[in-house]
Structures are given as C-alpha cells and as structure tokens.
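[1] Have a look at this fold, sequence not included:
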C-alpha cells in the first residue's frame, strides 16, 4: 500500500511539473526570428526560493502566454530591451493590463508575478513578452 501511494505521488508530481513547466502560448508568434529567453517557473512562490522551481523554460517574444504558475523569473537578453506585461485575463486583452515589467538588456533577471495557484483551472492570467533591438546597425 505504501509503495502504491509513493508511485501515485511521484506520477502526479511528474504530470504537474510537465504541465506547469512553461507558459502555454495562446497566439503563435508572428516572426520566426523573434528573440526568446530563459524563464524559470515557480510553483507556490514568486521567485523567492520558497516554492518549487522549474528552471530552463523558454519565453518567446510576440506571443501571449496563459499563466500556469505563480512566479516567472525572466532572464534579460544582450542587445535587447524587453518588457513583460501581465493581464487579468487569459487572452492578453488590452483592457485587462495589470503590470508591465521592464527588462533592460544585460544579464539580470526580473521576477514577474503570475498569480496562478491552481494551474490555470480558474485563475485567469496571461502575459505578453516584447523586445526591441537596442544596438544601432552601422
């Protein structure tokens, strides 16, 4: 009986981490050369180390992502100034903007609050990652 419970818990955790590991894109990106960056997803935490960290996911500019977790640690990119806007809807609706996080070029990270504690079942939040090239061509 103990082994069955342990196997079930392990299988459930595996499904949870696979399901919540990365933001689910709602709209396809418009440009196949759009920049993308690393994002660490935090379950039951806002990037402070108290929750479950699912590292090394990818966030691509120009796509609306439905949040499936609580915190998103977004890595800056060299040569790009980016921002990440969160919405109180699943569709990045302009009338539901919550917060915009500035992510200047470099090697820092920014923690964005996802606010989803139920895997996205009832909590409806999304985010849009946008970038502009910061170097002049010459």
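    In hand now; what should we look at? Quantities reported herein were computed from a predicted structural model and do not represent experimental measurements.
[2] Report the separation between residue 84 and residue 122.
    Distance of residue 84 to residue 122, given as CB to CB, to the nearest Å: 23 Å. C-beta: built from backbone N, CA, C; applies to glycine.
[3] more neighbours, the two?
    Taking neighbours as other CB atoms under 10 Å, residue 84 and residue 122 compare with residue 84 leading, 23 against 8.
[4] Just checking: what are the partner strands of the strand or helix carrying the more buried one?
    Using DSSP states H and E, the element containing residue 84 is strand 80-87. Strand 80-87 has its sheet partners listed here by DSSP bridges as strand 97-103 (antiparallel), strand 126-133 (antiparallel).
[5] And the helices in the protein, which stretches?
    Using DSSP state H, the helices of the chain run over 2-20.
[6] Name the helix or strand of it that has the lowest mean pLDDT.
    Across the helices and strands of the chain, the lowest-confidence element by mean pLDDT, DSSP states H and E is helix 2-20, at a mean of 37.
[7] sorry, back to before: pull the distance from the strand holding residue 84 to the chain's centre.
    Using CA atoms, centre = their mean, to the nearest Å, the mean C-alpha position of strand 80-87 is found 11 Å from that of the whole chain.
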